[in-house]
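Colleague: here is my input; please provide its structure:
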Amino acid sequence: MTAEIQVHELFKKYPNGTEALKGISLEIKKGQFFTLLGPNGAGKSTLVKILTTLINKDSGDFSISGINPEINQSKIQKIIGVASQDNEIDPTEKVKNLLVFQGRLFGMNKPEATKRANELIQLFELEKERNKKASALSGGNKRRLHCALALVHRPRILFLDEPTVGMDPLARANFWEVITQMNSRETVTVFLTTQYLDEADKHATEMALIVDGLIQYSGTIIDFKKMVNSTGELSLDDSYLHYIKSLSNQESTKN
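Modeller: Below is the predicted model:
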């Protein structure tokens, strides 16, 4: 498989001067379901924002589907879909209109955009909300709408930053059914960050663990579990907790 996302030695500082990313290197293959894990403040969202061209890196290089963002940023934006943590949705507009408008932004004519909007409303079970203003939606339905907006233009690569926060269990199950089908049937590459490790354990195959701006592990989820416990019988949640605690103990010993 060819690499869809290549990252080499990315560095980024916060405005206060502290380092958010300290030389991140990753390679994600086409069609992989990849998850980036780590504690709050580890640098996950910063990395996602750089890879989706929302903020600039300080140094290092990356490419998306072989495209250099410094040469053709607009081309990258056309082949990726982004569902970030921030529900940046016009609160005064109705659900269907938002989806149609998104399609028009990506060059669809009105009938095409309307057809795609109706498909996504059905996929994400937003039929009852189609004529509601975004401000009237529950938190979980806003997240579903936000994810639907990221899929309007049928992206090749999908970035999901904490996508299911606020969704009830049934909505989460429906959401992952949609995403896993896209990944398996349409070979959409998925880049997920989540604090729900059961989701990553169930759906992703590859992972990286970032702590304090550094990649501590990169490889398969199965191999990570075996690294933590030779039998590999622990869940990803338990393996993650064991590993994070061991890193913390190592730092305490150094100090």
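
Colleague: wait, residue 130 touches residue 96, no?
Modeller: Yes - between residue 130 and residue 96 there is a contact at 4.6 Å, judged by Cβ atoms under 8 Å. (Glycine included, C-beta is placed from N, CA and C.)

Colleague: identify the contacts common to the two.
Modeller: Shared contacts of residue 130 and residue 96 (Cβ atoms under 8 Å, 6 or more residues apart in numbering): residue 121.

Colleague: give me the more crowded residue out of those two.
Modeller: residue 96 (18 against 15; other Cβ atoms under 10 Å).

Colleague: which residues sit against the helix or strand where the more buried one lies?
Modeller: Using DSSP states H and E, residue 96 sits within helix 95-105. Contact with helix 95-105 is made by 89-90, 93, 110, 112-114, 116-118, 120-121, 126, 129-132, 134, 137, 145, 148-149, 152-153, as judged by Cβ under 8 Å, 6+ apart.

Colleague: toward the C-terminus, what is the element adjacent to that helix?
Modeller: The element immediately downstream of helix 95-105 (helix or strand, assigned by DSSP H and E) is helix 110-123.

Colleague: now do the same contact list for residue 22.
Modeller: By Cβ under 8 Å, 6+ apart, the neighbours of residue 22 are 11, 212-214.

Colleague: and those, which are buried?
Modeller: 212-213 (16 or more other Cβ atoms under 10 Å).

Colleague: which pLDDT value goes with the closest residue to residue 218 other than its chain neighbours?
Modeller: Using Cβ to Cβ, 6 or more residues apart in numbering and skipping residues adjacent in sequence, the residue nearest residue 218 is residue 208, 4.3 Å away. Model confidence at residue 208, given as pLDDT, is 98.
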